[in-house]
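**Student:** Just need the structure, nothing else, for what follows:
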Amino acid sequence: MAIKREFIVFGLLGLFILVIFTQMGTAFSLRMLMEASCYAIIALGLTIQWGYAGLFNVGIMGFIAVGGFLTMLISFPVNDKFWNSSMPAELGMVFVYALVGIALTWAITKSGHFGVSKKLRTFLAVTTGAIAYLVVMNTLGPVGDEIESKAGFIGGFGLPVFVGWVVGGLGAGIIAYYVGHICLGLRSDYLAIATLGIAEIIKAVFKNADWLTQGTLTVSPLPWPTPTPNDVGFIAARSGYLVVTTILVVVIYFALQRAYNAPWGRMMRAIRDNEVSSAAMGKNVNKRRLEIFILGSILMGLGGAALITSTRIFDPSGFLPLNHTFLIWVMVILGGSGNNLGAIFGAIFVYLIWIISEPAAILMFQTIQTYGLAWFDWNAPSDLISRALQMRVFVIGLTITLVLRFAPQGVLPEKVTNHG
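**Tutor:** From the prediction side, this is the model:
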């Protein structure tokens, strides 16, 4: 019966997609599916964090931003104005100062082995870290201004886009490693606050470091791993990109399914369901949570890299909690927390609803305006059509409300199989 339900759900989704193709055109529909597949990768990252381990991560936007930034840095063409000057050496010295400050601070924290008291270690570490920060920022300011005035920004390394995607995922995983060490000992509500704050910090850094990301000026056009629309046209280019992201989704899905049904997956669900009992059985709860937090964040970084590349523009101001955190939570909750197939369904369905709701609302408002004027001599407000964009939030809110009312565990709930 469960398999039948999955076939019915994806069959209806297929019909919905077919209607979109017939009404909106092939090029537009392919773009939506292309971006929806990128969101599916991100949703798979969240569903293993929340569905497998019960980690309430609302800092998804930060990991997407890290993935997008690193793929831009790796794959964007080399900026000769920057590299053919003395600025790389000057920027390198800033990084040397930063590394020295980090090394000294770390060494002080480990000085307890030599008999240094905890209070003195804390004082010296904080003081050293503050001094190092002031030195680095004082040195970085003039260098950053010089880069912005003479070269615009540092540019990229001109490497293949696939390398940028891998680095983007790994970079998000590295950030998650340090975030996890700090936050995973916190209760779920405090973990949510901490991850949200870290995401905003990451966004603020990218938005204000013009020498690194061009800030609000944005970086474009980003290269694609497949031929671009300029090379082969919109339909062929978007079809190729969709094939690549679909392959990624399928590979990740089967890998996660294998992990879910393996002893590791059963252990993670045991920790999620009863942390105390798992700890009593000798499981290192925080270590296992850190593992899945890193794995989920790698997928978020990879999906974010693919998503930002698909838009061909890196805009630090474009990372919004509504689009890059809340919407992904809706995808996972609607699809079914802990169900990888449900996460894929939720990502595709919710994103299609998110995009289609605006033109559908415009059509509805235009119809109301036309018939209202003809039948009742009603003069519609001048900004009626511009309000269509706001219908996105209403439609998504209505959708998740209906799902929580009639299918509180999602359209495709988690299926737990008892082994032995």
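**Student:** Have a look at the chain and report its longest helix.
**Tutor:** The single longest helix within the chain, with elements called by DSSP state H, is helix 340-376.
**Student:** helix or strand right after that one?
**Tutor:** Stepping forward along the backbone from helix 340-376, the first helix or strand reached (DSSP states H and E) is helix 391-406.
**Student:** quick one: low-confidence ranges for the stretch 251-400 of the chain?
**Tutor:** Across the stretch 251-400 of the chain, the ranges flagged by pLDDT under 70 are 384.
**Student:** Quick one: the helices in the stretch 1-150 of the chain, in order.
**Tutor:** Along the stretch 1-150 of the chain, the segments classed as helices by DSSP state H, counting those that start in this stretch run 2-24, 26-47, 53, 60-75, 80-83, 87-109, 118-150.
**Student:** Give the buried residues for stretch 87-103.
**Tutor:** Judged by neighbour count (16 or more other CB atoms under 10 Å), stretch 87-103 contains these buried residues: M87, E90, L91, V94, Y97, A98, G101. Every C-beta, even on glycine, is put in place using the N, C-alpha and C of the backbone.
**Student:** Give me the contacts around that stretch.
**Tutor:** Contact with stretch 87-103 is made by 82, 128-129, 131-133, 135-136, 139-140, 143, 146-147, 150-151, 154, as judged by CB atoms under 8 Å, 6 or more residues apart in numbering.
**Student:** I'd say Y351 and I328 touch.
**Tutor:** No - assessed by CB atoms under 8 Å, Y351 is found out of contact with I328, at 9.6 Å.
**Student:** more crowded one of the two?
**Tutor:** More crowded of Y351 and I328, by other CB atoms under 10 Å: I328, with 29 against 23.
**Student:** Which of the helices or strands spans the more buried one?
**Tutor:** Element membership of I328 [criterion: DSSP H and E] is helix 327-335.
**Student:** Could you check how many residues crowd around V205?
**Tutor:** Neighbour number of V205 under other CB under 10 Å is 15.
**Student:** hmm, back to that, what's the overlap in contacts for Y351 and I328?
**Tutor:** Y39.
**Student:** I'd like the buried residues of stretch 87-103 as a markdown table, with distance to V393 and pLDDT appended.
**Tutor:** A markdown table is the format used below for these (distance: CB to CB, whole Å; pLDDT from 0 to 100):
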| residue | distance to V393 | pLDDT |
| --- | --- | --- |
| M87 | 44 | 93 |
| E90 | 46 | 93 |
| L91 | 42 | 93 |
| V94 | 42 | 94 |
| Y97 | 45 | 94 |
| A98 | 41 | 94 |
| G101 | 44 | 93 |
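**Student:** just to revisit the earlier point, hmm, which of the contacts of stretch 87-103 are the buried ones?
**Tutor:** Buried subset of the contacts of stretch 87-103 (neighbour count, 16+ other CB under 10 Å): F82, T128, G129, A132, V136, T139, L140, V143, E146, I147, A151, I154.
**Student:** For R272, see how far away F56 is.
**Tutor:** Using CB to CB, to the nearest Å, one obtains 11 Å as the distance from F56 to R272.
**Student:** So between these two, which is more surrounded?
**Tutor:** Neighbours per residue, other CB under 10 Å: of F56 and R272, the larger number sits with R272, 19 against 15.
**Student:** List the single closest residue to that one in space, sequence neighbours excluded.
**Tutor:** G54 (4.1 Å; CB to CB, 6 or more residues apart in numbering).
**Student:** tell me the phi and psi of that neighbour?
**Tutor:** Backbone geometry at G54, expressed as degrees, to the nearest 10, gives phi 70, psi 30.
**Student:** do you know how far it is from G101?
**Tutor:** Taking CB to CB, one finds G54 at 36 Å from G101.
**Student:** Show me the protein divided up by domain.
**Tutor:** 2-63+160-406, 80-152 (automatic domain parsing).
**Student:** Tell me which of those is the most buried.
**Tutor:** Most buried of the domains of the chain by mean neighbour count (mean count of other CB atoms under 10 Å) is domain 2-63+160-406; its value is a mean of 18.
**Student:** which residue packs closest to I182, ignoring adjacent ones?
**Tutor:** Once flanking residues are discounted, I182 sits nearest to A194: 7.1 Å by CB to CB, 6+ apart.
**Student:** residue contacts, that neighbour?
**Tutor:** When the contact criterion is CB under 8 Å, 6+ apart, the partners of A194 are G59, V179, I182, C183, L186.
**Student:** Using a markdown table, lay out these together with pLDDT, secondary structure and distance to G45.
**Tutor:** Converted to a markdown table, those look like this (pLDDT from 0 to 100; DSSP: H, G, I helix; E, B strand; the rest coil; distance: CB to CB, whole Å):
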| residue | pLDDT | secondary structure | distance to G45 |
| --- | --- | --- | --- |
| G59 | 91 | coil | 12 |
| V179 | 86 | helix | 14 |
| I182 | 79 | helix | 20 |
| C183 | 79 | helix | 17 |
| L186 | 62 | coil | 20 |
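**Student:** Just flag the most distant two among those.
**Tutor:** The distance between the two most remote of those (CB to CB) is 12.8 Å, for G59 and L186.
**Student:** quick one: V163 from I175, how far?
**Tutor:** Following CB to CB, the distance that separates V163 from I175 is 19 Å.
**Student:** Kindly report the same for G168.
**Tutor:** G168 sits 11 Å away from I175, going by CB to CB.
**Student:** Which residues are in contact with each of those two?
**Tutor:** Listed contacts common to G168 and I175 are V66; contacts here mean CB under 8 Å, 6+ apart.
**Student:** gap between the residue nearest to H181 when sequence neighbours are not counted and G67?
**Tutor:** Spatial nearest neighbour of H181, excluding adjacent residues (CB to CB, 6+ apart): L290 at 7.1 Å. Counting by CB to CB, the gap from L290 to G67 is 19 Å.
**Student:** swap in L159?
**Tutor:** From L159 over to G67 the distance is 15 Å, taken as CB to CB.
**Student:** quick one: which of the two has more around it?
**Tutor:** In terms of neighbours (other CB under 10 Å), G67 is the more surrounded of L159 and G67; the figures are 35 against 16.
**Student:** check contacts around the more buried one.
**Tutor:** W165, G168, G169, G171, A172, M300, G301, L302, G303, G304, A305, I308.
**Student:** Need the residue closest to the centroid of this structure.
**Tutor:** The centre of the chain sits closest to I64, judged by CA atoms, centre = their mean, with a distance of 2.9 Å.
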